[in-house]
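S.K.: Turn this into a model:
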Amino acid sequence: MSVVRPAMTYGLETAPLRKVGEKKLDVAEMKMLRWMVGVTKMDCIRNNYIRGSLKVTEISKNVQESRLRWYGHLLRRNEDHVGRQALEMKIEGNRPRGRPKTRWKDVVQKDMREKHLDEAEALDRTLWRSLIRNGDPG
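M.R.: All right, here's what the predicted structure looks like:
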């Protein structure tokens, strides 16, 4: 698991992952956790019991933590840094018809609302790291 989890989450801190994608990651991880423990779906053991026995959180929470960590990193950069400029960029024109595509900043704002965070807290690195923590229990 210590090899598979980083491979699954590589680069996802900058991807605008939707709920469907997060659910697929969670399902794939649970399949691996069940295989590690030697349990099948037919045994009717709950996911939270398996996660508790292995002391791991959902992979989607891990992705959320890395996404917020990267966002805090960008906010602490200089105004002339290319990543900071891309973060604050406003694009002219109209968006196409239909449901708008999920943007990375929208996902980050949802994460911040969920954890009751503010942009001003990101400027203090140690405080930000403690606030975004979704670490594994134990």
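
S.K.: Show me the shaky parts of this structure.
M.R.: 1, 137-138 (pLDDT under 70).

S.K.: ok, now how distant is the most centrally placed residue in it from residue 23?
M.R.: Closest residue to the average C-alpha location of the chain: residue 64 at 2.0 Å, with CA atoms, centre = their mean. In this view, residue 64 and residue 23 are 14 Å apart by CB to CB, to the nearest Å. Placement of C-beta: from N, CA and C, glycine included.

S.K.: related to what we said a few turns ago, now the residue nearest to the centre of the chain, nearest residue through space, not along the chain?
M.R.: Nearest residue to residue 64, sequence neighbours excluded (CB to CB, 6 or more residues apart in numbering): residue 111, at 5.2 Å.

S.K.: surely the one you found meets residue 68?
M.R.: Yes - between residue 111 and residue 68 there is a contact at 5.7 Å, judged by CB atoms under 8 Å.

S.K.: that older thread, now do the strand or helix carrying the residue nearest to the centre of the chain: which elements does it pack against?
M.R.: For residue 64, the element it lies in under DSSP states H and E is helix 59-76. Packed against helix 59-76 by the contact rule (3 or more CB pairs under 8 Å, 6 or more residues apart in numbering; DSSP states H and E) you find helix 4-9, helix 19-37, helix 82-87, helix 104-114, helix 125-132.
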